[in-house]
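A.B. asks: With the input below, show me the fold.
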Amino acid sequence: MNYARASKVISALYAHPKFPLTRLRKVVQFAQYGISELASTEATGLPIIRMNNLQADGWDFSDLKYIELSPRDAARYLLEPGDILFNRTNSKELVGKCEVFREAGAWVFASYLIRVRLDTNAALPDFVSLFLNTTAGRAQIDRISRQIIGMSNVNAEELQDMVIPLAPLDIQRAFVAQMQAAREVRDERLQRANALLASLDAYLLDTLNITLPAETSRTIFAISLRQIEGALNPERYAGLLFAKCIADPRMDSVARILDAKVSPAKIAPAEEWDRIRIDDLPNQPLGVETLRSVLGSELEEAYFEVQENDILLARLGPTIQNAKFVLCPPLRRRTVASGEFLVLRCREGWNPVTVLAVLRTKALSRHHVFEMSRRDTQPLPSQRRRPRRASFSKHQRGGAAANRRRSARAQRGSAASAHRGGSRLGGGKGAI
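C.D. replies: Residues are numbered from 1 along each chain as shown. Next comes the predicted model:
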């Protein structure tokens, strides 16, 4: 969304506020960028919150890293309950997301986050965070964020220039209590849904005759040199154990992975388009519930143009963990999906619902989607795949043997020549 267009949207949203609009800096004690030192997966030092720990529905600390700091640095970056953390660099959909820190113990935060501490006599952290994550709050983020090398950015000064409707504290408390109650109901329903989906996983894998390998915490794997590609980490190669349980066909024979993107601003700027944003999907979504309609002129980036029944797979670590995999619903106009998705279009004879069900199983999403996000093709269950072996015709085998014999004779001749040459150099008159 360009600045002028966003300003019109914001003017309409904030035209008749019930409470005075107040710049955030009026209630901020200080704002601070996080630490940029290298963190480790070894649980030594302090846990450090990174941008992937900040999810659409709150915190996700399943993937933590740690950092060792001097007492001076630790004191500078220690978080306190009630601090708000903003994601300052991410995709257009995720930049500016914020959440209130409430964890016990000593924690610090990384450089892609901004810590904001409020004057709680004027504004409650939960109220400010909840408001800024609404459509009205996100409109302000969309206006101030800047695109740099495919990522959107905001800075601390811009965040503090945003406005909030500063209601009295008692109204803020009532609003926060209502939202927290709604979240608890949602979380409880999500837990029930996840339990149901887990049981469906077992049923589906049993139907497809897939026996999973035993869970392993190994960090050392012996693999052939030709298997090494991409990141060298245990999680990637642990997936090789799982791959042995699955056979052909490969994903590229089941679906086409879209590569071409379009820029609506260039090809149809005056038309209205629908956009599917990964940030609009809840964790473990059952479908696409929100389509955002915008003019093509506002969609200046490159997007995938999608069709009904295309499969949209999250391709970034946190969103993969939250199983943001969905089918495109029936579409009312030309529709695009952001680059945070991997888009699969099933080939003839394959049912997109079935393919998505297989990809949504915990086993496949855990072990294989990482490689899919690197554009590798993945296997789907069918008949057992046999490894390819090199084969030669009789003529080729004979030719190879003849080449080996010629090579051996040449090596023997070179050795004999070197030996004779060495004798001449090593003795006699005029030796070197």
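
A.B. asks: Relative to E80, how far out is the residue nearest the centre of the chain?
C.D. replies: Centroid-nearest residue in the chain, with Cα atoms, centre = their mean: L316, separated by 1.3 Å. Using Cβ to Cβ, to the nearest Å, we find L316 at a distance of 29 Å from E80. All C-beta atoms are positioned from the backbone trio N, CA, C, and that covers glycine.

A.B. asks: Also R23?
C.D. replies: In terms of Cβ to Cβ, R23 sits 23 Å off from E80.

A.B. asks: pLDDT weak spots in the stretch 51-200 of the chain?
C.D. replies: 149-150, 197 (pLDDT under 70).

A.B. asks: Test my guess that L344 contacts D252.
C.D. replies: No - look at L344 against D252 with Cβ atoms under 8 Å: they stay out of range, at 9.8 Å.

A.B. asks: Show me what counts as buried in stretch 146-164.
C.D. replies: 152-154, 156, 158-160, 162-164 (16 or more other Cβ atoms under 10 Å).

A.B. asks: Which residue of R23 and E80 possesses the greater neighbour count?
C.D. replies: For R23 versus E80, the count of surrounding residues by other Cβ atoms under 10 Å is larger for R23: 13 against 9.

A.B. asks: give me phi/psi at the more buried one?
C.D. replies: phi -60, psi 140 (degrees, to the nearest 10).

A.B. asks: go on, the one 5 residues further on?
C.D. replies: Here is the backbone geometry of V28 (degrees, to the nearest 10): phi -100, psi 130.

A.B. asks: Check the one 5 residues further on too.
C.D. replies: Summarising the backbone geometry of Y33 under the convention degrees, to the nearest 10, its torsions are phi -80, psi 150.

A.B. asks: In contact with it, which residues?
C.D. replies: Each residue near Y33 by Cβ atoms under 8 Å, 6 or more residues apart in numbering is listed here: 88, 111, 113-115, 156.

A.B. asks: try 7 Å
C.D. replies: Going by Cβ atoms under 7 Å, 6 or more residues apart in numbering, Y33 touches 111, 114, 156.

A.B. asks: Measure how buried the residue lying closest to L295 once chain neighbours are set aside is and give me the count.
C.D. replies: What sits nearest to L295 in space, not counting adjacent residues and going by Cβ to Cβ, 6 or more residues apart in numbering, is E272, at 6.1 Å. As a burial measure, E272 scores 13 neighbours (other Cβ under 10 Å).

A.B. asks: how near is E272 to R334?
C.D. replies: Taking Cβ to Cβ, one finds E272 at 8 Å from R334.

A.B. asks: Likewise for R347?
C.D. replies: R347 is 23 Å from R334, where distance means Cβ to Cβ.

A.B. asks: So for the two, which sits in the more crowded spot?
C.D. replies: Under the criterion of other Cβ under 10 Å, the comparison of R347 against R334 puts R334 first, with 17 against 13.

A.B. asks: so that one sits right up against W273, yeah?
C.D. replies: Yes - in this structure R334 lies within contact range of W273 using Cβ atoms under 7 Å: 5.4 Å.

A.B. asks: follow-up on the earlier one: more neighbours, L344 and D252?
C.D. replies: L344 (24 against 13).

A.B. asks: State whether the more buried one is indeed within a helix.
C.D. replies: No - L344: not assigned to a helix; according to DSSP: H, G, I helix; E, B strand; the rest coil it is strand.

A.B. asks: How about the contacts made by it?
C.D. replies: Applying Cβ under 7 Å, 6+ apart, one finds that L344 lies in contact with 255, 257, 310-311, 313.

A.B. asks: what are the bridge partners for it, then?
C.D. replies: I257, I311 (DSSP bridges).

A.B. asks: That one and V355, how far apart?
C.D. replies: When L344 is compared with V355 (using Cβ to Cβ), they lie 7 Å apart.

A.B. asks: again with L281
C.D. replies: Going from L281 to V355 by Cβ to Cβ gives 18 Å.

A.B. asks: and these two? which has more neighbours close in?
C.D. replies: L281 (26 against 20).

A.B. asks: from what I can see that one touches K324, true?
C.D. replies: Yes - distance between L281 and K324: 4.8 Å, which falls inside the contact criterion (Cβ under 7 Å).

A.B. asks: And the helices in the stretch 51-200 of the chain, which stretches?
C.D. replies: For the stretch 51-200 of the chain, applying DSSP state H, counting those that start in this stretch gives helices covering 71-77, 125-132, 135-144, 156-160, 169-207.

A.B. asks: next one: the stretch 251-400 of the chain
C.D. replies: With DSSP H, counting those that start in this stretch as the criterion, the stretch 251-400 of the chain has helices spanning 251-254, 264-267, 317-321, 352-360, 362-367, 369-373, 394-426.

A.B. asks: Compare the ones you listed and say which comes out lowest on pLDDT.
C.D. replies: Mean pLDDT values for these show the minimum at helix 394-426, a mean of 42.

A.B. asks: Where do the domain boundaries of the chain fall?
C.D. replies: Residue ranges for each domain of the chain read 3-167, 208-373, as given by automatic domain parsing.

A.B. asks: could you list every residue that touches Q307?
C.D. replies: Q307 touches 328, 345, counting by Cβ under 7 Å, 6+ apart.

A.B. asks: how close does it get to P330?
C.D. replies: 10 Å.

A.B. asks: cool, and F30?
C.D. replies: In terms of Cβ to Cβ, F30 sits 49 Å off from P330.

A.B. asks: do G105 as well
C.D. replies: G105 is 49 Å from P330, by Cβ to Cβ.

A.B. asks: which residues touch stretch 331-339?
C.D. replies: 91, 93, 262, 264, 271-278, 291, 299, 302-306, 308, 312, 343.

A.B. asks: Hmm, I typed the wrong one, I wanted stretch 78-95.
C.D. replies: 49, 51, 54, 96-102, 106-109, 112-118, 120, 125, 128-129, 141, 145, 151-155, 159, 277-279, 338, 340.

A.B. asks: Buried ones among those residues?
C.D. replies: 49, 51, 54, 96-101, 107-109, 112-118, 125, 128-129, 141, 145, 152-154, 159, 277-279, 338, 340.
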